[in-house]
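Engineer: Pasting the sequence and the predicted coordinates here, then a few questions.
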Amino acid sequence: QVFGLIRCSSCEHKSSTMKVARSARVAMRRAVAARASVQAAPGFRTLGAPAYAGAFRNFPQPLMAAQRSFAASAGPIDISSLKYCATNDDGLLAQPANPKFKLALVSTYVPSQEHGGSDKMLNGHRFDSIPIANGCIKQGMSCQIVFYNHEEHDNFFEVIKKFDAIVLRANPGQIGASGGDQKKFDDAMLALQAKGMQMWPSPDVMAKMGAKDALCHTKHFEFGLEDTFGFYSAADMKRDFPKGIAFQPRVVKQNRGSAGEGIWIVRLKDESKYCKKFGDRVAAGDEMLELMEANDNHVEYHTVDEFVEFCSNGRSEKSGTWTSKGKGMYFEGGLEAGGLMVDQRYLPRIDEGEARFMCVGTELNRIEHYEYPDGVSGNYKQTIFPPDAPDWQQCREMLERSVPDIMKALDLKMSQLPLLWAADFMPIDDHKSPFVLGEFNCSCLGIAGFFNARGHDLSNSEDPAVGQKLCDLIGAQAHKVLSSK
């Protein structure tokens, strides 16, 4: 289902109320949207068909049939040897005759899924691929959409190395879903990057910014929490978990799994035992815990030692009897196989909402605020604020000045900063900053304004003027980076 938008008659903010399902991060952030149901509010009007038509008036008109060649010969790089999974390029601007730089926007297609994936339009293109390409073309650069098909792996990389830069818009999981090997793709991309190819975001950037332990590397920042732990082995968990749970309720997450399996909200059964200051106490192995798993919200009770044993070795004589659908053993295979866990403080004020700071390069573009009137598992309301919204200036300044240090802490270079990325913040009491970091995200973030094109075409976009404005900024940032090299 797509998101409905509501336009305010007195300001530029937009708000939508959506029914959502409980997700893997149920205790820490909004759930994944499952269905949309717009509710009109006082002072707001629903953006209906006439408004859509007006907003779409300024969007690039589709190319005529005679002008289309499905990108294979329309751009400066010959990609005709590769399978092109879209049936048309409607809405794509003509490529410049003498481009300043030649860009490839890499997309994917899953043949077994309707339209090639839930992010696709009827023609097979991802819903925001053409708008992003147009944002680059407006800067005098060419931007050809190139599909990665795993059967053509070697030929694909022979073709793609001819471009000056790559914009990766391959939705996570789609390469594997189509029968390909994500690691093989990532390794080949990283080999290109090592030879000097500029790409946004590269696989190592997506891995490091999107990793659950990114918060561990930034816990000493103003927006971090010192009682954040990365457990890279069972020994780490045995040593550090008792320190955190003695201080505050926790959210302990495995690095793998899906739909909330292996994500535990952990509390001391005797809440009078929490210490006032982190480090004042360490929980004993026989202290009883209340554990709720986010996949189905079931609750069970175990000691500290039993929880550590289940996470380390699964069901055993030492771990007791578990009703979880999972098997535990979250460190199985070691770090190479993604065997790690993250332990964060549970933030009860998540019910008040969280703010997603959407950034283009080093600059904040907008703030998407989510409120939870019915709790994190019920409805939520989204409000979009401009970057200069007064209530968010402390957080904005804190984030923007920290960007170089964030990249350094994640062992990344500033030249690898994604064109589009986000940082999620949540409110907190009794901390040096009124907001703390929830996560970073740079993996194929969707462009709001075009969401309604999914399963349709660009003419069905909910607010293409707003969406294209962001895409134009992305194109300008790409041009700025390439021009500075």
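Structural biologist: Received, thanks. It should be emphasised that the depicted structure is a prediction, and the values quoted were computed from it without experimental measurement. Numbers count the residues shown, from 1 in each chain.

Engineer: so where is the stretch 101-250 of the chain shaky, pLDDT-wise?
Structural biologist: Within the stretch 101-250 of the chain, not a single segment meets pLDDT under 70.

Engineer: no wait, the stretch 351-485 of the chain
Structural biologist: Residue ranges of the stretch 351-485 of the chain with pLDDT under 70: 374-380.

Engineer: now with 90?
Structural biologist: Within the stretch 351-485 of the chain, the set of residues satisfying pLDDT under 90 comprises 351-354, 368, 370-384, 430, 438-439, 443, 448, 485.

Engineer: show me where it has helices.
Structural biologist: With helices called from DSSP state H, counting those that start in this stretch, the stretch 351-485 of the chain shows them at 393-409, 464-483.

Engineer: ok, and which of those helices has the densest surroundings?
Structural biologist: Most buried of these, by mean neighbour count (mean count of other C-beta atoms under 10 Å): helix 464-483, with a mean of 20. Heads up, the C-betas are built off the backbone N, CA and C, glycines and all.

Engineer: hang on, the earlier thing: which stretch among the helices of the stretch 351-485 of the chain comes nearest Lys183?
Structural biologist: helix 393-409 (23.8 Å; C-beta to C-beta).

Engineer: residues in contact with the closest one?
Structural biologist: Contact partners of helix 393-409, identified using C-beta atoms under 8 Å, 6 or more residues apart in numbering, comprise 217-218, 221-223, 355, 357, 359, 362-364, 367, 387, 413-414, 416-417, 423, 425, 433-435, 440.

Engineer: quick one, strands of the stretch 201-350 of the chain?
Structural biologist: For the stretch 201-350 of the chain, applying DSSP state E, counting those that start in this stretch gives strands covering 229-231, 250-254, 263-268, 288-293, 299-303, 341-345.

Engineer: and Glu152, which of the ones you listed is closest to it?
Structural biologist: When those are compared by C-beta to C-beta, strand 250-254 sits nearest Glu152, at 34.7 Å.

Engineer: what lines up beside the closest one in the sheet?
Structural biologist: Strand 250-254 has its sheet partners listed here by DSSP bridges as strand 263-268 (antiparallel), strand 341-345 (antiparallel).

Engineer: quick one, the first one and strand 299-303 angle?
Structural biologist: Think strand 263-268. For strand 263-268 against strand 299-303, the angle by axes from the mean of the first three to the mean of the last three C-alpha atoms, to 10 degrees is 60 degrees.

Engineer: re earlier: most packed of the strands paired with strand 250-254?
Structural biologist: Taking mean count of other C-beta under 10 Å, strand 341-345 is the most buried of the strands paired with strand 250-254, at a mean of 23.

Engineer: Give me the residues contacting it.
Structural biologist: 28, 212-213, 215-216, 225, 227-231, 237, 240-241, 244, 247-255, 311, 330-331.

Engineer: from what I can see, Ile166 looks like it's in a helix, true?
Structural biologist: No. The assignment for Ile166 (DSSP: H, G, I helix; E, B strand; the rest coil) gives strand, which keeps it out of a helix.

Engineer: Let me see the contact set for it.
Structural biologist: 103-106, 160, 189, 192, 197-200.

Engineer: In strands, which of those fall?
Structural biologist: 103-106, 198-200 (DSSP state E).

Engineer: Most neighbours among these, which one is it?
Structural biologist: Leu103 (32 neighbours; other C-beta atoms under 10 Å).

Engineer: thought it was touching Gln139?
Structural biologist: No. In this structure, Leu103 is not within contact of Gln139 by C-beta atoms under 8 Å, at 9.6 Å.

Engineer: Pull up the overlap in contacts between these two.
Structural biologist: Common contacts of Leu103 and Gln139, defined by C-beta under 8 Å, 6+ apart, comprise Ala478.

Engineer: and Cys136, how many neighbours?
Structural biologist: Cys136, neighbours per other C-beta under 10 Å, totals 29.

Engineer: any idea how far it is from Ile160?
Structural biologist: 16 Å (C-beta to C-beta, to the nearest Å).

Engineer: still on that earlier bit, from the contacts of helix 393-409, keep the buried residues only.
Structural biologist: Buried members of these, counted by 16 or more other C-beta atoms under 10 Å: 217-218, 221-223, 355, 357, 359, 364, 367, 387, 416-417, 423, 425, 433, 435, 440.

Engineer: Next secondary structure element downstream of the helix or strand containing Ile130?
Structural biologist: For Ile130, the host element (DSSP states H and E) is helix 129-137. Using DSSP H and E, the helix or strand that follows helix 129-137 towards the C-terminus is strand 142-147.

Engineer: Centre of the chain to that following strand, how far?
Structural biologist: Relative to the centre of its chain, strand 142-147 is centred 23 Å away, using C-alpha atoms, centre = their mean, to the nearest Å.

Engineer: returning to what we had before: would you mind putting the strands of the stretch 201-350 of the chain into a markdown table with distance to Asp90 alongside?
Structural biologist: Converted to a markdown table, the strands of the stretch 201-350 of the chain look like this (distance: least, C-beta to C-beta, whole Å):
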| stretch | distance to Asp90 |
| --- | --- |
| strand 229-231 | 46 |
| strand 250-254 | 42 |
| strand 263-268 | 41 |
| strand 288-293 | 45 |
| strand 299-303 | 51 |
| strand 341-345 | 43 |
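
Engineer: Can you say which of the helices of the stretch 351-485 of the chain is nearest to His302?
Structural biologist: Among those, the nearest to His302 by C-beta to C-beta is helix 393-409 (34.1 Å).

Engineer: Just the C-alphas of the closest one, formatted as CSV.
Structural biologist: This file holds the C-alpha atoms of helix 393-409, laid out as CSV (Å, rounded to 0.1, in the frame of the first residue of the first chain):
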residue,chain,number,x,y,z
GLN,A,393,18.2,23.4,15.4
GLN,A,394,20.2,22.0,18.3
CYS,A,395,20.0,18.5,16.8
ARG,A,396,20.8,19.8,13.3
GLU,A,397,23.9,21.7,14.4
MET,A,398,25.0,18.7,16.4
LEU,A,399,24.7,16.3,13.4
GLU,A,400,26.1,18.6,10.7
ARG,A,401,29.3,19.5,12.6
SER,A,402,29.8,15.8,13.5
VAL,A,403,29.7,14.4,10.0
PRO,A,404,33.5,14.2,9.5
ASP,A,405,33.9,12.6,12.9
ILE,A,406,31.1,10.1,12.2
MET,A,407,32.7,9.0,9.0
LYS,A,408,36.1,8.7,10.8
ALA,A,409,34.5,6.7,13.7
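
Engineer: For Gly176, which non-adjacent residue is spatially closest?
Structural biologist: Gln182 (5.3 Å; C-beta to C-beta, 6 or more residues apart in numbering).
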